[in-house]
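Novice: A predicted structure for the sequence below; I have some questions about it.
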Amino acid sequence: MAEAPRLPRDNLLHRLYWRLPPPWRHRGAFAETWRFITRSQRWSRDRMEAHVEERLVAMVRGAARRCPFYRRRFHELGMAPEDFRSREDLPRLPFVGRADLRDYCEEFIPDDVDRGDLEYASTGGSSGIPVGFYRHRARSRAVEEAFITRYRTWSGTTDTTRAVTCAGGLKDARGERQLWGVDRRRNTLALSSDDLTRENAAWMLPLARAFRPETLRGYPSALATLAALLAERGESLPVRVLYSNSETLYDAQRRRIEEVFGAPVFDHYGHSERVVLAGQCERREGYHVFSEYGILELVDAEGRPVTEEGAVGEVVGTTLLHDYFPLVRYRTGDRAVFTARRCSCGRPFPMILRPDGRLQELLVADGGRRISMTSVNRHDDLFRAVDQFQFHQSEPGRAVLRVVPGPRFDEAEAARILDILHGHMGDGLRLVIERVERIEKTRIGKHCFLIQEIEGL
């Protein structure tokens, strides 16, 4: 495809539709959720905490009465549903792990839920334990979109602000692979992040400019690739804001993306199981944990609360919304940085400083010392001559760094990368570089910076 394909023209009905308020364009669960959360974000902290407490007690008691899994758990604890009275009782309940979802998935569905209203979903096995769960056909996606739309309004956009998206591969209505597509209702041009090559950039970048987007949304790895392709070609793609999600956004990526696009990046954190959701507001002082959505706890390796400013813990989530498949104290495998601070914007939500990757995004040196990928990925120019990279580790103390070389990559560049990494990570981790033609992504198009195969990590 040597030349940029032609874009369909906007028409008057589309332009009028995009200007309608969100609850006019979306009915049902979206509109209901939208009306509530646009009011609740202006509540006082005390009122928000009272709402969270009420919803938590109702959710946990309902799960204990209606779900076989939680009925058994409460029986084993010698607890009745009414024994759960407040948020202070949450630590009395054991964690739910990925193995529980794998082994007892059907038992999380309440007795009185119509299974015809549910659809099965699954998430990948980056922890070594792939799991499945259920979503509500009418509610799950609509509720999620309402919260994401609210978060985007904080930085001045909405769900129909003209956008280029780059988050995974694309398929047409027949299920066949495609490289791009336009969604008129959502006012978006989608580019396949699986196909961001130099060859395709020759038409993808002009196509994106012709679309005249106000915003760019996508996986951090895809946004970083777009930034690299633009810089390499000496071109620009003017937007006023960028949104990233679904992968860890590393500091070096954020700086490079903002430098190339000349616009701020706003990141949000969530996951397939949908127990907690968090995002950055216009101040970008941290990630607001959306209180109406779920409760986020941070725990250490022994399951104890993390309360030290700046400390990293595992994210444990309890949903306050999805009573058709309730997850209470679910260990996500994700990590985040604790803060007791509140944002200067005044919204009534607690914060985390940032998501910090998954527990499996840790390199293990000799002696068991662990090195976070967040730290490894901090250098702006470390991988300047590399198109893609990925660490592989199957034994402590040794790892392979696979790279897709760019035009400037040579032996001297490989030695420079190894020298910088050694200086940062210290002794006890032997690294070798392996050149590859391609690095495979996950089935939904995400890029993993580390394939960690050490058992028991």
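Specialist: Structure's in. What do you need?

Novice: so how far is P264 from V436?
Specialist: The gap separating V436 from P264 is 34 Å, by C-beta to C-beta, to the nearest Å. Heads up, the C-betas are built off the backbone N, CA and C, glycines and all.

Novice: the two: who's more crowded?
Specialist: Applying other C-beta atoms under 10 Å to V436 and P264 shows that P264 carries more neighbours, namely 16 against 13.

Novice: need the contact list for that one.
Specialist: Taking C-beta atoms under 8 Å, 6 or more residues apart in numbering, we find P264 in contact with S155, V241, L242, E258, R284.

Novice: so can I have CSV of these showing distance to A142, neighbour count and secondary structure?
Specialist: Shown next, in CSV, are the contacts of P264 (distance: C-beta to C-beta, whole Å; neighbours: other C-beta atoms under 10 Å; DSSP: H, G, I helix; E, B strand; the rest coil):
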residue, distance to A142, neighbour count, secondary structure
S155, 22, 20, coil
V241, 24, 20, strand
L242, 25, 25, strand
E258, 32, 15, helix
R284, 27, 15, coil
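
Novice: which members of the residues you listed are the farthest-apart pair?
Specialist: Greatest spacing in these, by C-beta to C-beta: S155 and E258 (13.3 Å).

Novice: walking through the protein, point out its helices one by one.
Specialist: Assigned by DSSP state H, the helices in the chain fall at 12-19, 22-25, 28-40, 45-66, 68-77, 98-104, 140-153, 198-211, 220-233, 251-261, 373-376, 411-425.

Novice: least reliable of those going by mean pLDDT?
Specialist: Set side by side, these give their lowest mean pLDDT on helix 373-376, at a mean of 63.

Novice: where are the low-confidence patches of the protein?
Specialist: 1-4, 124-130, 359-361, 372-380, 442-446, 455-457 (pLDDT under 70).

Novice: can you list the helices of the chain in JSON lines and add distance to A121?
Specialist: Listed next are those as JSON lines, based on distance: least, C-beta to C-beta, whole Å:
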{"stretch": "helix 12-19", "distance to A121": "29"}
{"stretch": "helix 22-25", "distance to A121": "25"}
{"stretch": "helix 28-40", "distance to A121": "17"}
{"stretch": "helix 45-66", "distance to A121": "19"}
{"stretch": "helix 68-77", "distance to A121": "18"}
{"stretch": "helix 98-104", "distance to A121": "11"}
{"stretch": "helix 140-153", "distance to A121": "9"}
{"stretch": "helix 198-211", "distance to A121": "30"}
{"stretch": "helix 220-233", "distance to A121": "22"}
{"stretch": "helix 251-261", "distance to A121": "28"}
{"stretch": "helix 373-376", "distance to A121": "26"}
{"stretch": "helix 411-425", "distance to A121": "37"}
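
Novice: so which of those helices is nearest A167?
Specialist: Short answer: helix 220-233, nearest of the helices of the chain by C-beta to C-beta, at 6.4 Å.

Novice: and that closest one, which residues are buried?
Specialist: P220, S221, A222, L223, A224, T225, L226, A227, A228, L229, L230 (16 or more other C-beta atoms under 10 Å).

Novice: swap in stretch 77-91?
Specialist: For stretch 77-91, burial by neighbour count (16+ other C-beta under 10 Å) applies to P81, F84, L90.

Novice: got it, and stretch 109-124?
Specialist: Neighbour counts over stretch 109-124 (16+ other C-beta under 10 Å) mark I109, P110, V113, L118, T123 as buried.

Novice: can I get these in TSV with distance to R141?
Specialist: Below are the buried residues of stretch 109-124 laid out as TSV (distance: C-beta to C-beta, whole Å):
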residue	distance to R141
I109	18
P110	20
V113	17
L118	13
T123	15
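
Novice: and Y134, how many neighbours?
Specialist: Y134: 20 surrounding residues under other C-beta under 10 Å.

Novice: quick check: bridge partners of it?
Specialist: Beta-bridge pairing for Y134 (DSSP bridges): Y120.

Novice: for it, give its distance to L327.
Specialist: On the measure of C-beta to C-beta, Y134 and L327 end up 11 Å apart.

Novice: shared neighbours of those two, which are they?
Specialist: Common neighbours of Y134 and L327 (C-beta under 8 Å, 6+ apart) are F108.

Novice: which residue packs closest to F409, ignoring adjacent ones?
Specialist: Excluding the flanking residues, the one nearest F409 by C-beta to C-beta, 6 or more residues apart in numbering is A385, at 4.2 Å.

Novice: isn't that neighbour up against R408?
Specialist: Yes: if you go by C-beta atoms under 8 Å, A385 and R408 touch, sitting 4.1 Å apart.

Novice: name the residue in those two with the higher neighbour count.
Specialist: Ranked by neighbour count (other C-beta under 10 Å), A385 and R408 place A385 first, with 18 against 10.

Novice: so how far is T197 from that one?
Specialist: To T197, A385 is 17 Å away according to C-beta to C-beta.

Novice: closest to the centroid, which residue in this structure?
Specialist: S246 (2.7 Å; C-alpha atoms, centre = their mean).

Novice: could you check how far that one is from Y219?
Specialist: 5 Å.

Novice: do E199 as well
Specialist: For E199, the distance to Y219 - C-beta to C-beta - is 20 Å.

Novice: who has more neighbours out of those two?
Specialist: Between E199 and Y219, counted using other C-beta under 10 Å, the more crowded position is Y219 (23 against 10).

Novice: got the contact list for that one?
Specialist: Residues near Y219 by C-beta under 8 Å, 6+ apart: C166, A167, G168, S193, S244, N245, S246, E247, G445, K446, H447.

Novice: burial measure for V404, as a count.
Specialist: V404 has 15 neighbouring residues, counting by other C-beta under 10 Å.

Novice: that one is in contact with E440, isn't it?
Specialist: No: V404 is beyond contact range of E440, at 11.1 Å (criterion: C-beta under 8 Å).

Novice: beta partners of the closest residue to P213 other than its chain neighbours?
Specialist: Among residues not flanking P213 along the chain, V164 sits closest, at 4.4 Å (C-beta to C-beta, 6+ apart). Judged by DSSP bridges, the bridge partners of V164 are L189, L216.

Novice: not counting its neighbours along the chain, what's nearest N245?
Specialist: Spatially, and ignoring its direct neighbours in sequence, N245 is nearest to H268 (5.2 Å; C-beta to C-beta, 6+ apart).

Novice: what do you get for R177?
Specialist: K171 (5.9 Å).

Novice: from V182, how far off is that neighbour?
Specialist: Going from K171 to V182 by C-beta to C-beta gives 14 Å.

Novice: what of L429?
Specialist: Between L429 and V182 the distance is 46 Å, computed by C-beta to C-beta.

Novice: neighbour-wise, which of these two wins?
Specialist: Comparing L429 with V182 by other C-beta under 10 Å, the one with more neighbours is L429, at 19 against 14.

Novice: can you tell me how far the closest residue to that one other than its chain neighbours is from Q393?
Specialist: Nearest residue to L429 in three dimensions, chain neighbours excluded: A365, at 4.3 Å (C-beta to C-beta, 6+ apart). Applying C-beta to C-beta, the value for A365 to Q393 is 10 Å.

Novice: which one of those two is surrounded by more residues?
Specialist: A direct count of neighbours by other C-beta under 10 Å for A365 and Q393 places Q393 higher, at 22 against 19.
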